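In: fold the stuff below for me.
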Amino acid sequence: MEIEVGELLVAGRRIIENAKIEVKGRGSLYVESGIAPGFSDSHAHPHVVDVGTTSRRWRNSLEWLRNRKLRVDEVALRMDVEFSRKLAEVVLAKSVLEGTTLVALVGNYRANVKAAFSMTHRPRVVLTPTILSNGCWLHGSEIERSITTLLAAGAAWGIKVGVFVHSVHFVDPEDLRRTYSLAKRYSLPFAMHLSEGTKDLGKLLAMIGKPERPLVGVHCMENEGYSSANIRVVHCPESNLTLYGKTLKKAEEVKAFGTDWPLLLGSVKHQYQLAVKIHGKQYRAMLLERATLGGYEIFGLKPARDYALFDAKLTRVLNDGVNPSYVVVDSEVIVEEGKLNGYSYDDVLKIARKLVKEAIERYPQG
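Out: From the prediction side, this is the model:
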């Protein structure tokens, strides 16, 4: 199938007029504009349905996690693998309908695995199980066994696997070093929350030394010189501002974007638009490259044959709330005429709102 694209934006920087792309299928099609690749969400918590009060600003993640008042029992929710699977599935559906062609999932890895393996039409998925030294999370001796099992399954399904250490504050140092060693041995992406209102880089480097391979740091709000320490920063501007009233200051440090809480906040495109407002229009092209190609680069994936295609001019796509009419992942049309398996974006938003409400009702805090 041949699709002619009036304006095709490649890697966030280069525009090709009247581009022709080949995808699986028959016939031909014309669209006004396209993005190659689509947007990439490099940090998504699909099981977060409530973050507590947002009427105040917290100093850092430690203060927030210890003092927030949630309506939902997060541990009970995440231990329900089937319900968490539904949340992950609706996040993947919502994301691809927004034009996101890559999503990195953290959280309950068993639920995320089930969601990724069960959906025939979805964005590319990077599975990064969360390492956290308590409760229902991966920790201790189970880390290597679970990751190596997931690696074998991911290879069979064409799914990228990485690891996600929660932070230097909530992971036993030995678990952190064990996970880092595992990531080096199998050449896996290693990601973690870093400097979310606290100075963390020195503590991390004291544990593992300067990374030989780039690591993925999420949030990185304290401007500690992340690039020079071989840290690739995932920018989550909306959740940073929501919780702390501040975010990363240096636009040059941004390597990718994350929605953080995709069921509660805006799309990756919205994160990009917000970042332009924060950092200035002079960074628009660079930030757009990070919002699209960035996630592919930090997780080591090739962006070939991934497209978000729109029945609107490119300027309107980037400035307004236009969702794609077609989304192509690895040459396969996943979204057709604005629908995923017959579901529109509004349909998926209704399902998402219903699931969030059900989660809070089923697993109330206290």
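In: now His43: closest residue in space, sequence neighbours ignored.
Out: Spatial nearest neighbour of His43, excluding adjacent residues (C-beta to C-beta, 6 or more residues apart in numbering): Gly258 at 2.8 Å. Bear in mind the C-beta positions are built from the backbone N, C-alpha and C, glycine included.
In: state the number of residues packed around Lys24.
Out: 11 (other C-beta atoms under 10 Å).
In: surely Ala19 is within a strand?
Out: Yes. Assessed with DSSP: H, G, I helix; E, B strand; the rest coil, Ala19 lies in a strand.
In: who's in contact with it?
Out: Taking C-beta atoms under 8 Å, 6 or more residues apart in numbering, we find Ala19 in contact with 4-5, 8, 34.
In: let's see it at 10 Å
Out: By C-beta atoms under 10 Å, 6 or more residues apart in numbering, the contact set of Ala19 is 3-10, 33-34, 36, 307.
In: any idea how far the residue nearest to His43 lies from Lys69?
Out: 25 Å (C-beta to C-beta, to the nearest Å).
In: quick one: the strands in the stretch 251-366 of the chain, in order.
Out: Assigned by DSSP state E, counting those that start in this stretch, the strands in the stretch 251-366 of the chain fall at 254-257, 307-310, 326-329, 332-335, 339-340, 343-344.
In: the lowest-mean-pLDDT helix or strand in the chain: how far from the chain's middle?
Out: One helix or strand of the chain scores below all others by mean pLDDT, DSSP states H and E: helix 142-157, with a mean of 87. What separates the centre of helix 142-157 from the centre of its chain is 20 Å, taken as C-alpha atoms, centre = their mean, to the nearest Å.
In: what residues sit buried inside that helix?
Out: Residues 143-144, 146-147, 150, 154 are the ones in helix 142-157 that count as buried (16 or more other C-beta atoms under 10 Å).
In: which stretches of this protein have low pLDDT?
Out: Along the chain, segments meeting pLDDT under 70 span 135-136.
In: could you redo the last one with a cut-off of 80?
Out: 54-55, 134-136, 155-158, 366 (pLDDT under 80).
In: is it true that Gly197 lies in a helix?
Out: No. Counting by three-state DSSP, Gly197 is not found in a helix; it is coil.
In: how about it: what's its closest non-neighbour residue?
Out: Residue nearest to Gly197 in three dimensions, not counting chain neighbours: Asn60, with 2.7 Å by C-beta to C-beta, 6+ apart.
In: was I right to think Arg177 contacts Phe190?
Out: No. Counting by C-beta atoms under 10 Å, Arg177 stays clear of Phe190, with 11.5 Å between them.
In: higher neighbour count, these two?
Out: Using other C-beta under 10 Å as the criterion, Arg177 and Phe190 rank with Phe190 on top: 22 against 13.
In: okay, now the residue nearest to His43: neighbour count?
Out: Gly258 has 29 neighbours, counted by other C-beta under 10 Å.
In: what about it, distance to Asp41?
Out: For Gly258, the distance to Asp41 equals 6 Å [C-beta to C-beta].
In: I'd assumed Lys86 was in contact with Glu358.
Out: Yes. In this structure, Glu358 is within contact of Lys86 by C-beta under 10 Å, at 9.0 Å.
In: of these two, which one has the most company?
Out: Shown here are Glu358 and Lys86; by other C-beta under 10 Å, Lys86 has more neighbours (19 against 14).
In: doesn't that one belong to a helix?
Out: Yes. Judged by three-state DSSP, Lys86 forms part of a helix.
In: excluding chain neighbours, what is closest to it?
Out: Closest to Lys86 by C-beta to C-beta, 6+ apart is Leu355, at 6.0 Å.
In: tell me who's in contact with the one you found.
Out: Going by C-beta under 10 Å, 6+ apart, Leu355 touches 49, 83, 86-87, 89-91, 263.
In: what do you get if the cut-off is 8 Å, keeping everything else the same?
Out: With C-beta under 8 Å, 6+ apart, Leu355 has these contacts: 49, 83, 86-87, 90, 263.
In: out of these, which is most surrounded?
Out: Leu87 (29 neighbours).
In: what about the nearest residue to Ser146 once chain neighbours are set aside, how many residues nearby?
Out: Spatial nearest neighbour of Ser146, excluding adjacent residues (C-beta to C-beta, 6+ apart): Leu138 at 5.6 Å. Look at Leu138: counted by other C-beta under 10 Å, it has 23 neighbours.
In: what sits against Leu138?
Out: So Leu138 contacts 109, 129-132, 146-147 (C-beta under 8 Å, 6+ apart).
In: in those residues, find the pair that's most separated.
Out: Distances among those were taken as C-beta to C-beta; the most separated pair is Leu132 and Ile147, at 14.2 Å.
In: just the strands in the stretch 51-200 of the chain please.
Out: Remark: strands assigned in the stretch 51-200 of the chain by DSSP E, counting those that start in this stretch are 100-105, 124-127, 130-131, 160-161, 163-165, 190-194.
In: how about the nearest residue in space to Thr198 that is not next to it in sequence, phi and psi?
Out: Residue nearest to Thr198 in three dimensions, not counting chain neighbours: Asn60, with 4.8 Å by C-beta to C-beta, 6+ apart. Main-chain dihedrals, Asn60, degrees, to the nearest 10: phi -160, psi 180.
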